[in-house]
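Participant: need the 3D shape of this:
(chains A and B)
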Protein chains: 2
Amino acid sequence: MIVQKYGGTSVGSAARIRRVSGRIADTVRGGTQVVAVVSAMGHTTDRLIALARQVNAEPPARELDMLVANGETITAPLVAMCLQGMGVPAVSLTGMQAGVRTSAHHSRARILDVDPRRLREALKQGMVPVVAGFQGVSEDLEITTLGRGGSDTTAVALAAALGAEACEIYTDVDGIMTADPRVEPLARLLHYISYEEILELAAVGARVMHPRAVEIGELYAVPIHVRSSFHRRPGTMIVADVPMEERNRVRGVAFEKEVAKVTVIAVPDKPGIAAAVFEPLSEAGISVDVIVQNISTGGQTDLTFTIAESELKRALLLVEPAGAAIGAGGVHCAGDLAKISIVGTGMLGTPGIAARMFRTLAGEGINIEMISTSEIRITCIVARDSVEKGVRALHKAFELDQDAA
Amino acid sequence: MIVQKYGGTSVGSAARIRRVSGRIADTVRGGTQVVAVVSAMGHTTDRLIALARQVNAEPPARELDMLVANGETITAPLVAMCLQGMGVPAVSLTGMQAGVRTSAHHSRARILDVDPRRLREALKQGMVPVVAGFQGVSEDLEITTLGRGGSDTTAVALAAALGAEACEIYTDVDGIMTADPRVEPLARLLHYISYEEILELAAVGARVMHPRAVEIGELYAVPIHVRSSFHRRPGTMIVADVPMEERNRVRGVAFEKEVAKVTVIAVPDKPGIAAAVFEPLSEAGISVDVIVQNISTGGQTDLTFTIAESELKRALLLVEPAGAAIGAGGVHCAGDLAKISIVGTGMLGTPGIAARMFRTLAGEGINIEMISTSEIRITCIVARDSVEKGVRALHKAFELDQDAA
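Facilitator: Numbers count the residues shown, from 1 in each chain, chains lettered A, B, ... in the order given. Purely as a prediction, here's the structure:
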């Protein structure tokens, strides 16, 4: 049994719904049980949100969830009736009917558990359950939505609850690439990637799969197959262990533009300082990305962090008073930055990877403003106008344009 | 406490939703508790059905219900969030959340009962429940829809379950008129009408309120106020007893075009004949309207009935073999007919009403093809091209253009 998830582009019109249904029908006729999870058609969600803002500039989250959940509950019966028209028994289910129980946090609910009874019942009767993704129900029977990447999360959670063989995520790209092909034309499709690697890639900007879905996949050991809904070629398998011959190397180059940095200068080096700076940002819902604090000299240190450039103004209004309160020397900021990362579990314990990255960027005349590393990732903050050049240089330097085998 | 129902035209755009919400807010601020019931916006339901037909020419009823129910569950949160933006606490509820329990007959479910606990809870907390009309939930937690007039039925059923003072039906007309104002410019608004009268009017073509909703109103003695959502003037109150001074007269003239008649000639006058003719029609879902069978002469009689002209071909295919089987002399048919009726409880036991109707039509040179009467209605079948002239003549003859008082 497999779970197949079809995103908004894949179900964006009646013609595309027929194609998706044909694909499900083929899988069923091939002898595999299928549970389908579907997103809202095309721009339906955006249109519903726009409508909401026309009646209330700040729509309350509970009502917005009630509203946008309709996007997926429109697609699900359309796919189910299309399948039935093709002679494949099918039944559409809302998140609630499919047993997706969530926390009560509207617009960003977490799946608490899945009660798969109704799904199993439908499968036992030879039917394809077509589940509205992105939504669930709280203990109080309120309709909730799961936020960004919600339908992926639904799909992987159902696969985990049902013990499915795999979860297929159908999307409008071929799979996970070694780099964004719009920037690096030589980018290659990765046949395998580990949960850890894709989590690092997603966190730095390669947004094919949402981290939440990957985390559930990792936790319950659900293999996730990211593939195109426009052709039949296999895409990328996200698994715990990448096959041996694909391992010992950097797996991909990711980047993110629209980065700004904020530096709190001459901060007294004592406990509680970082908390004083970052707590107001967290409360305001501003995501801080890379944080760098160097060793202290003379009892003082500089604390630098990056945020999305669009949040810069709002962040400064919070950081400046916080800096003053802790006796910092001042707050500087700069925009027009970008982030480049190389990712790969093969980096672990392989000497020279970081040095090669820095040398490659230097060779292109790219200055590195900040450096941050994890066990399987090295990130450099650079000037925004150098990011494409840097991505291409790194892709070549780490031989990502050549086949793994 | 009152229940207010807003139809598809009244909530057809963001601007109209704001107007409807303003109206609810005014009522609440005036000290009256409100439960709102809303339909799908404008042509949403039609669009969803068109989409369904693009993926399955004959969409299965269960999936079609899942699909079209989204129309109402889009409107409800929009109205609730608009109210909240105006400072009026509100909460949208699906049919299921509002406790509307129905039979399992998809696309034409009947309301079995309403569990008003959640509605009462919301009202107790000072909130306006905004309920998605037209839908409910079966015992198996399947989403059902109520068919034609469904949102009206939801509204009156909620009013009955909550013991509301009245149920207001907001629509795009001023209320119930003495005749269709497009045909008779002198038509007047009726301030009161009885449940019986409006049932007769609806049955003969004046389709402002669906009979199902009126029947529930009559059964539970819920006064129904049919009024315009475009202005604040009162419309028509549907009640058990019309005030004395408005009673002793014909209340309205209704008509229906697109009528065809079928006559089964020289039918042997014995038991079971009518059943043999009408059962096949009933099984085919063809509604028979007026039925006339005169006294038999020589052991034979003619049986005539009317149907919608669009059903004529299909009906003949069923009636002709049925006629042959019972030894009838043949089957004749004619189209291009129309139906004119006068309705009023005041007709009951008032001599001369029928005679005046026939004389009026005769005075206009209109030939009467068939006559059918109930206690509070007289119906004549006439040539279609004489129907407008007939309506206007009857409206004048029964002084419907003059105020009741």
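Participant: residue contacts, A:Met1?
Facilitator: A:32-35, A:123, A:162-165 (C-beta atoms under 8 Å, 6 or more residues apart in numbering or on different chains). Backbone N, C-alpha and C define where each C-beta goes, glycine included.
Participant: quick one: those residues as CSV, columns for secondary structure too.
Facilitator: Formatted as CSV, the contacts of A:Met1 follow (DSSP: H, G, I helix; E, B strand; the rest coil):
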residue, secondary structure
A:Thr32, coil
A:Gln33, coil
A:Val34, strand
A:Val35, strand
A:Leu123, helix
A:Leu162, helix
A:Gly163, coil
A:Ala164, coil
A:Glu165, coil
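Participant: dump the residues you listed to CSV, plus distance to A:Val264 and pLDDT.
Facilitator: Converted to CSV, the contacts of A:Met1 look like this (distance: C-beta to C-beta, whole Å; pLDDT from 0 to 100):
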residue, distance to A:Val264, pLDDT
A:Thr32, 56, 96
A:Gln33, 56, 97
A:Val34, 53, 98
A:Val35, 50, 98
A:Leu123, 56, 97
A:Leu162, 49, 97
A:Gly163, 50, 96
A:Ala164, 48, 97
A:Glu165, 51, 96
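Participant: whichever residue of the stretch 101-250 of chain A sits closest to chain B sits in which helix or strand?
Facilitator: Proximity of the stretch 101-250 of chain A to chain B (C-beta to the nearest C-beta) peaks at A:Leu141, 6.5 Å away. Using DSSP states H and E, A:Leu141 maps to neither a helix nor a strand.
Participant: excluding covalently adjacent residues, which one is nearest to it?
Facilitator: Closest residue in space to A:Leu141, ignoring its immediate chain neighbours: B:Gln97 at 6.5 Å, by C-beta to C-beta, 6 or more residues apart in numbering or on different chains.
Participant: same question for A:Thr45.
Facilitator: Using C-beta to C-beta, 6+ apart, the closest residue to A:Thr45 is A:Gly71 (4.7 Å).
Participant: next, the angle helix B:61-85 makes with the helix or strand that contains that neighbour.
Facilitator: A:Gly71 belongs to helix A:61-85 when assigned by DSSP H and E. On the basis of axes from the mean of the first three to the mean of the last three C-alpha atoms, to 10 degrees, helix A:61-85 is oriented at 170 degrees to helix B:61-85.
Participant: just the CA trace of the next helix or strand after helix A:61-85, in PDB.
Facilitator: Counting by DSSP H and E, the next helix or strand C-terminal to helix A:61-85 is strand A:90-93. In PDB, the C-alpha atoms belonging to strand A:90-93 read as follows (Å, rounded to 0.1, in the frame of the first residue of the first chain):
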ATOM      1  CA  ALA A  90     -13.300   5.700  -4.300                       C
ATOM      2  CA  VAL A  91     -14.500   7.800  -1.400                       C
ATOM      3  CA  SER A  92     -13.500  11.300  -0.500                       C
ATOM      4  CA  LEU A  93     -12.800  12.100   3.200                       C
END
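Participant: one step back: with neighbour count added, can I get the contacts of A:Met1 in CSV?
Facilitator: CSV is the format used below for the contacts of A:Met1 (neighbours: other C-beta atoms under 10 Å in any protein chain shown):
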residue, neighbour count
A:Thr32, 15
A:Gln33, 18
A:Val34, 24
A:Val35, 28
A:Leu123, 17
A:Leu162, 21
A:Gly163, 10
A:Ala164, 23
A:Glu165, 14
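Participant: which of those lies closest to B:Asp26?
Facilitator: Taking C-beta to C-beta as the measure, B:Asp26 lies nearest A:Val35 of the contacts of A:Met1, at 48.5 Å.
Participant: the residue nearest to A:Thr45 against A:Val38, yeah?
Facilitator: No - counting by C-beta atoms under 8 Å, A:Gly71 stays clear of A:Val38, with 9.7 Å between them.
Participant: higher neighbour count, these two?
Facilitator: A:Val38 (34 against 29; other C-beta atoms under 10 Å in any protein chain shown).
Participant: and that one, its phi and psi?
Facilitator: Here is the backbone geometry of A:Val38 (degrees, to the nearest 10): phi -120, psi 150.
Participant: likewise for A:Thr145?
Facilitator: phi -120, psi 160.
Participant: for chain A, which strand is longest?
Facilitator: The strand that spans the most residues within chain A, counting by DSSP state E, is strand A:252-268.
Participant: angle of whatever helix or strand comes next after that one against strand A:252-268?
Facilitator: The helix or strand immediately downstream of strand A:252-268 is helix A:273-283, counting by DSSP H and E. Per the same axes, to 10 degrees, the angle that helix A:273-283 makes with strand A:252-268 is 120 degrees.
Participant: what separates helix A:273-283 from the chain centre, distance-wise?
Facilitator: 25 Å (C-alpha atoms, centre = their mean, to the nearest Å).
Participant: pLDDT averaged over it - what is it?
Facilitator: The average pLDDT for helix A:273-283 rounds to 87.
Participant: list the buried residues for that helix?
Facilitator: Of the residues in helix A:273-283, A:273, A:277-278, A:280-281 count as buried by neighbour count, 16 or more other C-beta atoms under 10 Å in any protein chain shown.
Participant: quick one: what helix or strand has A:Ala40 in it?
Facilitator: Applying DSSP H and E, one finds A:Ala40 in no helix or strand.
Participant: quick one, what contacts it?
Facilitator: A:8, A:68, A:71-72, A:74-75, A:134.
Participant: of these, closest to chain B?
Facilitator: Checking these one by one against chain B (C-beta to the nearest C-beta), the nearest turns out to be A:Ile74, at 5.1 Å.
Participant: wait, isn't the closest one in contact with B:Leu67?
Facilitator: Yes - in this structure, A:Ile74 is within contact of B:Leu67 by C-beta under 8 Å, at 6.4 Å.
Participant: between these two, which contacts overlap?
Facilitator: B:Leu48.
Participant: one step back: what about the longest strand of chain A, distance to the chain center?
Facilitator: With C-alpha atoms, centre = their mean, you get 20 Å for strand A:252-268.
Participant: what does stretch A:364-382 give?
Facilitator: Per C-alpha atoms, centre = their mean, the centroid offset for stretch A:364-382 relative to its chain is 21 Å.
Participant: between the two ends of it, what distance do you get?
Facilitator: One end of stretch A:364-382 sits 12 Å from the other (C-alpha to C-alpha, to the nearest Å).
Participant: tell me the mean pLDDT over that stretch?
Facilitator: Stretch A:364-382 comes out at a mean pLDDT of 89.
Participant: sort out which residues of that stretch are buried, please.
Facilitator: Of the residues in stretch A:364-382, those buried (16+ other C-beta under 10 Å) are A:366, A:369-370, A:372, A:376-382.
Participant: now, which of the buried residues of helix A:273-283 sits nearest A:Tyr220?
Facilitator: Nearest to A:Tyr220 among these, with distances taken as C-beta to C-beta, is A:Phe278, at 31.9 Å.
Participant: can you tell me the closest non-neighbouring residue to the closest one?
Facilitator: A:Val288 (6.1 Å).
Participant: cool, A:Ala122 as well?
Facilitator: A:Pro129 (4.5 Å).
Participant: how far does the helix or strand containing the one you found sit from its chain's centre?
Facilitator: Here A:Pro129 sits within strand A:128-132, counting by DSSP H and E. Remark: strand A:128-132 is offset 23 Å from the chain centroid, using C-alpha atoms, centre = their mean.
Participant: ok, then the element right after it?
Facilitator: strand A:135-137.
Participant: below-threshold pLDDT in chain A: ranges please.
Facilitator: Applying pLDDT under 70 to chain A picks out residues A:203-207, A:244-248, A:349, A:403-405.
Participant: can you give me the helices for it?
Facilitator: A:14-29, A:44-55, A:61-85, A:117-124, A:150-162, A:195-203, A:211-219, A:273-283, A:312-325, A:353-363, A:387-397 (DSSP state H).
Participant: can you list the ones you listed in a markdown table and add distance to B:Cys82?
Facilitator: A markdown table is the format used below for those (distance: least, C-beta to C-beta, whole Å):
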| stretch | distance to B:Cys82 |
| --- | --- |
| helix A:14-29 | 31 |
| helix A:44-55 | 4 |
| helix A:61-85 | 9 |
| helix A:117-124 | 34 |
| helix A:150-162 | 25 |
| helix A:195-203 | 37 |
| helix A:211-219 | 32 |
| helix A:273-283 | 29 |
| helix A:312-325 | 28 |
| helix A:353-363 | 53 |
| helix A:387-397 | 44 |
